[in-house]
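>>> mind folding the following:
(chains A and B)
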Amino acid sequence: MSEHEQKQESTMSRRRFIRNSGLVAGGLVGGGILGGLIGANMNKDGTATEENAHTNGHNQVAYQQSPLYFTNPEIFGILQAAVERIYPKDENGPGANDLDVPFFIDHQLAGSWGNNTREYMQGPFFPGSNFQGYQSPLKRHEVFDVGLVALQTYSNDKFNKPFAELEGEQQDEILTAFEEDKVELRGVTSRTFFNILRAATIEGVYADPAYAGNKNMEGWKMKDFPGHQMSYINQIESEKFVKIEPNSLHSYTK
Amino acid sequence: MAKTLPKTDAVIVGVGWAGGIIAAELGKQGLKVVGLERGKERGVKDYYVVHDELRYGIRYELMQDLSKETITFRNQGKERALPMRQLGSFLLGEGLGGSGVHWNGHTFRFLPYDFEIKSQTVKKYGEAKIKGLQVQDWGITYDELEPYFYEFEKAAGIGGEEGELGPKRANPFPNPPMKETPITARFKEAAKSLGMKPYHMPSGNMSQAYENQYGAKLAPCQYCAFCERFGCEYGAKADPTVAVIPFAKETGNVDIRNFANVTEIIHDGKKATGVRYVDVQTKEEFIQPAEMVILTSYVMNNTRLLLTSKLGRPYNPDTGSGVIGKNYCYQILPGSAGFFDEEQFNTFMGAGALGATVDDYNGDNFDHSDLGFIHGGSISLNQSGYRPIQYNMVPTDTPKWGSKFKENSIKYFTRALSIGTQGASMPVQHNYMDLDPSYKDAYGLPLLRLTYDFTEQDKNLYNYVGKITDKIMQEMGPAKINDRQQLEHYDIVPYQTTHNTGGVIMGAEPETSAVNNYLQMWDAENVFVIGASAFPHNGGYNPTGTVGALAYRAAEGIIKYSKEGGLLA
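Numbering: from 1, shown residues only, chains lettered A, B, ... in the order given. Below you'll find the model as predicted:
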């Protein structure tokens, strides 16, 4: 057992872990721990049921709400907590978790982007100046591995609690320390990790729902962005603002 | 062992705008042409699900695969250059049609001043005005190039109206300007009330159905707002795969080979005999012998292929002598973002080159006697359409994340407008390109190394023109205008522009230039190098119109050379 895992063991009981993941134990009936914790929907009162844990409200199975990259619910919980601070649920509308941003990021990390397949990854590696861009030998999925664990370690050291259990302000304080490059990480700077996390969160809010985030196009609706439309030739000259029901890529095939 | 193929009249390296034009013009004359393109074949048929911001706009599906090849970069000669591992500052093209597939379509002609920048500046302001700047005349005048501009505009179906302060035209634009919108009208009214002379931006998005001189039919633009970084599913954008390449193929004289990555120009020091290329799928190597070798890979690969092939005299930044890699320039981009609390605009509608422009602060259209810079830039409001991942414009004091960021980025998505400048970029001795000593591409060849930073000239231009863009924005009536960031060091990360220029520059003398005004190499008469690589400096407009004009000029030269031989200028 690694040092990190030992720390977890001492500060986090299984019961709290479940609570922190936003679920009550009763919601887990019928699912494995992974199936129940990663990928469950909640009712408005925060409880999960067998039925809605596997649907997205249309009596249709939301198959995309399944992890393709993350294998450890605790780590996924850190991601869920962090993206919610970057794009919180508030009076303007749903937050990152309601929009399934963690699943978006998970799927992206499992694919080409997470593996930097179209980027120059040959060595030798040097840190570089502030103007030379990404120079880490780590691939993005490895950056998330390192960064999410570091959020947890930093949280345990500073607040004696896992990241997901902290108050929002405390989480912000930690994210800010990462953003300001005050945390030493292995193979990548904390600022780089934070910047990728922030960018990925925004992508997950606004990318086409085909990518598993921007659930029900709710991200677009907040911005009055109508998504994919074939033409504005009849509206482009309009003096008035035009509200249009959004369309996703799915409309090509339905 | 490389397999040697039958000889052809001309081999073209890179099949985008320049390569497509050369292929069409040479094929029309009956010359046998082989076009080698490292990327895949593509066309309108491939853009069926193109309205996907993440895939095309953020992950850059249509751009260069950097795992195979990139550049290295440093600000100063004393630093270690490091690879540009991810696309950022500029978006290099790859595949049939090159960047001509995913450009916006802003199609200007450089000003008469640009082509004679050194002589005109010295004449008006004295020698001291260009101190420290490696500016030189282009070896051709605007009037000489005018017919070639028109030829390109016809091929690309450019729609526009003549600006009062822009270059004089012998013919009207092939198409009318694009539509006026409340946003473009707002900019024009503001500019007019400040005494400026706005006009509609010349556009490569079709303002009506159009057929060009090659019989290519282009559809009217739908203003769908997925233009720059995207291919056009309507065939409504001036795109080489629509406008020129089909005709080139129809001549029966043009053989375009995809997945053909050229690794070497084979030559005897005086003339080229052909090129070596790798099939990037099978890894087989071929030698394609040719009477003429024509490089049409914009800037980076035109320069790199000459350097790795040891053809031409490499530039030396310590002495300023030599020519290959000389005068790399970029573009200076001052602008203003205005936030309108009370009004909501249809910012998500647009077209790549839908916009309005003023030239009042471009070229030498204003007096520079008391200014610490030369040239200027075209100032435009471009309604290309906001997309939600890329456009999160917020007032300066907004945090970068959290509730306040969310609130402002949502609110201002339809309530913020921005004015931008295509600012000219002047060459200096220490901004240049050469070969990197350690980093290699997928075929073991050295990467191109870029050494570049902004200069005092750039900062002075930026600050001066930035105040003008603020004035126009103020006149448009926003609740607030953002503070402009200082122009400090050039940063390879944030997207700025893909208007890189220089490296194989044109001119009247072989001592200071690599190619003559037919873009024929002084040092190898059967090699022509076409692209913005030929620009001795970068002007105050988007470069494609001028690249297109030079391509038509070069095509004429290549055809002449095929009959007569010898240096053409």
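
>>> switch to C-alpha atoms for all contacts and neighbour counts from now on
Fine.

>>> now the helices for the stretch 201-350 of chain B?
Counting by DSSP state H, counting those that start in this stretch, the stretch 201-350 of chain B has helices at residues B:240-243, B:245-250, B:300-308.

>>> among those helices, which comes closest to chain A?
Ranking the helices of the stretch 201-350 of chain B by their distance to chain A (criterion: Cα to the nearest Cα) puts helix B:300-308 first, at 16.3 Å.

>>> let me see the mean pLDDT of the closest one.
Averaging pLDDT along helix B:300-308 gives 98.

>>> who does that helix touch, helix- and strand-wise?
Helix B:300-308 sits against strand B:260-267, strand B:432-440, strand B:446-451, strand B:501-503, with contacts defined as 3 or more Cα pairs under 8 Å, 6 or more residues apart in numbering or on different chains; DSSP states H and E.

>>> pull the residues that contact the helix or strand following the third one.
So that's strand B:446-451. Following strand B:446-451 in sequence order, the next helix or strand is helix B:456-476 (DSSP states H and E). Helix B:456-476 has contacts (Cα atoms under 8 Å, 6 or more residues apart in numbering or on different chains) with B:186-187, B:189-191, B:194, B:332-338, B:361, B:371-377, B:379, B:418-421, B:423, B:425-426, B:481, B:484, B:487-488.

>>> apply 6 Å and report the result again.
B:190-191, B:334-336, B:373, B:487 (Cα atoms under 6 Å, 6 or more residues apart in numbering or on different chains).

>>> mean confidence (pLDDT) on it, please.
98.

>>> from the chain's centre, how far out does it sit?
Helix B:456-476 sits 23 Å away from the centroid of its parent chain (Cα atoms, centre = their mean, to the nearest Å).

>>> so which bits of chain A are right by chain B?
A:85-88, A:118-120, A:131-133, A:203, A:206-207, A:223, A:228, A:231-233, A:237, A:239, A:241 (Cα under 6 Å from any Cα of the partner chain).

>>> buried among those? Need that as a selection in ChimeraX.
The buried residues among the residues of chain A next to chain B can be selected in ChimeraX (16 or more other Cα atoms under 10 Å in any protein chain shown) with this line:
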select /A:85,86,87,88,118,119,120,132,133,203,206,207,223,228,232,233,237
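
>>> so which strand or helix has the residue nearest the centre of chain A?
Nearest residue to the geometric centre of chain A (Cα atoms, centre = their mean): A:Pro102, 2.8 Å. Assigned by DSSP H and E, A:Pro102 falls within helix A:101-110.

>>> A:Glu184: neighbour count?
12 (other Cα atoms under 10 Å in any protein chain shown).

>>> how about the nearest residue to B:Pro182, chain neighbours excluded?
A:Glu239 (5.9 Å; Cα to Cα, 6 or more residues apart in numbering or on different chains).

>>> how about B:Lys440?
Nearest to B:Lys440 is B:Pro446, by Cα to Cα, 6+ apart, at 4.4 Å.

>>> let me know how buried that neighbour is, in neighbour terms.
Neighbour tally, B:Pro446, other Cα under 10 Å: 22.

>>> please tell me how far it sits from chain A.
13 Å (Cα to the nearest Cα, to the nearest Å).

>>> other SSEs contacting the particular helix or strand that has B:Ala190 in it?
Element membership of B:Ala190 [criterion: DSSP H and E] is helix B:182-193. Counting contacts by 3 or more Cα pairs under 6 Å, 6 or more residues apart in numbering or on different chains; DSSP states H and E, helix B:182-193 packs against helix B:456-476.

>>> I am finished for the moment; much appreciated.
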